[in-house]
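Visitor: from the sequence below, what's the structure:
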Amino acid sequence: MWMRAMQIAFVYVGTVVGAGFATGKEIVQFFTQYGAIGMVTIAFSGWLFIFLGTRLMIMANRLHARSYEQMNAYLFGKVGVVVNVFMFFVLFSVTSVMLSGAGAVFEEQLHMPAFVGLVLTVLLAFVTMLFGLNGILSVNLIVVPLMIVFSLSISFMNGGEIVWTKPPLAAFFSPFAYVAFNLTMAQVVLVPLAAEVNDERAIRLGGWLGGLLLMFILFSSHFALSLLPNLLSYSIPMAEVVKHSLASFYGLYVVIIYGEIFTSFIAGVFGLHRKLALFSQTPTFVLIVLLLMMYAFSLVGYHALLTVLYPLFGYVSIIFIFLLFYRKMPS
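Guide: Numbering: from 1, shown residues only. Have a look, this model is predicted:
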């Protein structure tokens, strides 16, 4: 049971974290910019990840839901069809942005052409997806422990002075917004994963471990980032922390950034591929077409589209976690 629970926890963590998490930008935006109150809101976010993530997976297991569409149909009822269509476009957009982020890592950090990172990521994703959920499990079993060790290191090396100030109202809303967005995206992997696990105790334990690990990583990053002056001015604040305090580990940080982007990327690819493969008898061909489309979109850059989709998806995500809490647990 413990081994299965650890696998669930690592997939949970690996699916939630992504480019914004790895760079520190999301953590600054939702927590660290508000000062010491960020410790309180991170703790509350951790509880939400534990409670709602576990509830999501147990609900998926009892419903025998094989995809996020089935889960949304249960939560949203008749509106579930509209939500699923909308979520498909958001998932495709966000996953393509993750691919762009992988190219940016190669260009900005390794001083290599971006297309090298794009092509390598697409190829790695193709190989991973051939193994389905087992492939995702294997990748997360490598990336997540590295991430935990790195988070532990930066928390020991960087203990910024956290100032108590009067927080704005947005600080108290941030845990709901942060968890809602990430959990709604993570369900594309968590739902089918939970449906394949026969042991509900392993699911419950995995949800708890995953939520606690996410809270630990958030706390570690928050303490390290609090050391930075003018932290809102940096596009990759975590890179600044590493350069100043852990310069010798900067290469490892680049690997972890890429790993975190890749785990989120393959989670999105998995959800989209499972949806599209239903309409074809050649799932491998569908996977190839999907990855090529993402490659093409990652080159275009369509931030105007995302500026419209992201806020809308934010509202849908809030409704999602409300319904996740409100709907009766299947017996």
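
Visitor: mind showing which ranges of the stretch 1-150 of the chain have poor pLDDT?
Guide: 19-20 (pLDDT under 70).

Visitor: tell me the contacts of Trp208?
Guide: 50, 54 (C-beta atoms under 8 Å, 6 or more residues apart in numbering). Where C-beta positions appear, they are placed from N, C-alpha and C, glycine not excepted.

Visitor: that one: helix or strand, and which one exactly?
Guide: In this assignment (DSSP states H and E), Trp208 forms part of helix 200-225.

Visitor: now swap in Arg66 and tell me
Guide: Per DSSP H and E, there is no helix or strand for Arg66.

Visitor: that one: neighbouring residues, count only.
Guide: Arg66 has 15 neighbouring residues, counting by other C-beta atoms under 10 Å.

Visitor: hang on, it packs against Ala194?
Guide: No: Arg66 is beyond contact range of Ala194, at 10.3 Å (criterion: C-beta atoms under 8 Å).

Visitor: distance check, the nearest residue to Tyr258 once chain neighbours are set aside against Phe265.
Guide: With C-beta to C-beta, 6 or more residues apart in numbering as the criterion, Tyr258 has its nearest non-adjacent residue at 5.0 Å, and that residue is Val105. Taking C-beta to C-beta, to the nearest Å as the measure, Val105 falls 12 Å from Phe265.

Visitor: more crowded one of these two?
Guide: The residue with more neighbours, out of Val105 and Phe265, is Phe265; 26 against 22, by other C-beta under 10 Å.

Visitor: who are the contact partners of the more buried one?
Guide: 95, 98-99, 102, 121, 125.

Visitor: got the phi/psi numbers for it?
Guide: phi -60, psi -50 (degrees, to the nearest 10).

Visitor: what about it, distance to Gly18?
Guide: Distance of Phe265 to Gly18, computed by C-beta to C-beta: 8 Å.

Visitor: can you list residues touching both of the two?
Guide: Met98.

Visitor: restricted to helices, list the contacts of Phe265.
Guide: With DSSP state H as the criterion, helices contain 95, 98-99, 102, 121, 125 from among the contacts of Phe265.

Visitor: neighbours of Leu324, how many?
Guide: Neighbours around Leu324, by other C-beta under 10 Å: 20.

Visitor: how would you label it: helix, strand or coil?
Guide: Put simply, Leu324 is helix when judged by DSSP: H, G, I helix; E, B strand; the rest coil.

Visitor: could you check the angle helix 200-225 makes with the helix or strand harbouring Met59?
Guide: According to DSSP H and E, Met59 maps onto helix 37-63. With axes from the mean of the first three to the mean of the last three C-alpha atoms, to 10 degrees applied, the angle from helix 37-63 to helix 200-225 works out at 160 degrees.

Visitor: and helix 37-63, what does it pack against?
Guide: helix 2-16, helix 68-76, helix 169-196, helix 200-225, helix 303-326 (3 or more C-beta pairs under 8 Å, 6 or more residues apart in numbering; DSSP states H and E).

Visitor: for that helix, buried residues please.
Guide: Of the residues in helix 37-63, 37-39, 41-42, 44-46, 48-61, 63 count as buried by neighbour count, 16 or more other C-beta atoms under 10 Å.

Visitor: what does stretch 112-129 give?
Guide: Those would be 114, 117-118, 120-122, 124-126, 128-129, for stretch 112-129 by 16+ other C-beta under 10 Å.

Visitor: out of those, which is nearest to Thr23?
Guide: Proximity of these to Thr23 (C-beta to C-beta) peaks at Gly117, which lies at 15.3 Å.

Visitor: leaving out chain neighbours, which residue sits closest to that closest one?
Guide: Counting by C-beta to C-beta, 6+ apart, Gly117 lies nearest to Phe106, which is 3.1 Å off, once chain neighbours are set aside.

Visitor: equivalent analysis for Gly207, please.
Guide: Gly207 sits nearest to Thr54 (C-beta to C-beta, 6+ apart), 3.0 Å away.

Visitor: quick one, what contacts the one you found?
Guide: Contacts of Thr54 (C-beta under 8 Å, 6+ apart): 203-204, 207-208, 211.

Visitor: I'd like to know how far Met98 sits from Leu225.
Guide: The gap separating Met98 from Leu225 is 22 Å, by C-beta to C-beta.

Visitor: right, I mislabeled it, should have said Phe44
Guide: Plainly put, Phe44 is 18 Å away from Leu225 if you go by C-beta to C-beta.

Visitor: quick one: the contacts of Phe265 as TSV, columns for distance to Ser151 too.
Guide: TSV is the format used below for the contacts of Phe265 (distance: C-beta to C-beta, whole Å):
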residue	distance to Ser151
Thr95	24
Met98	20
Leu99	25
Ala102	21
Thr121	23
Ala125	25
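
Visitor: neighbours of the nearest residue to Val197 once chain neighbours are set aside, how many?
Guide: Counting by C-beta to C-beta, 6+ apart, Val197 lies nearest to Ile203, which is 5.5 Å off, once chain neighbours are set aside. A total of 26 residues lie near Ile203 under the criterion other C-beta under 10 Å.

Visitor: quick check: Ile203 touching Val191?
Guide: No: in this structure, Ile203 is not within contact of Val191 by C-beta under 8 Å, at 11.5 Å.
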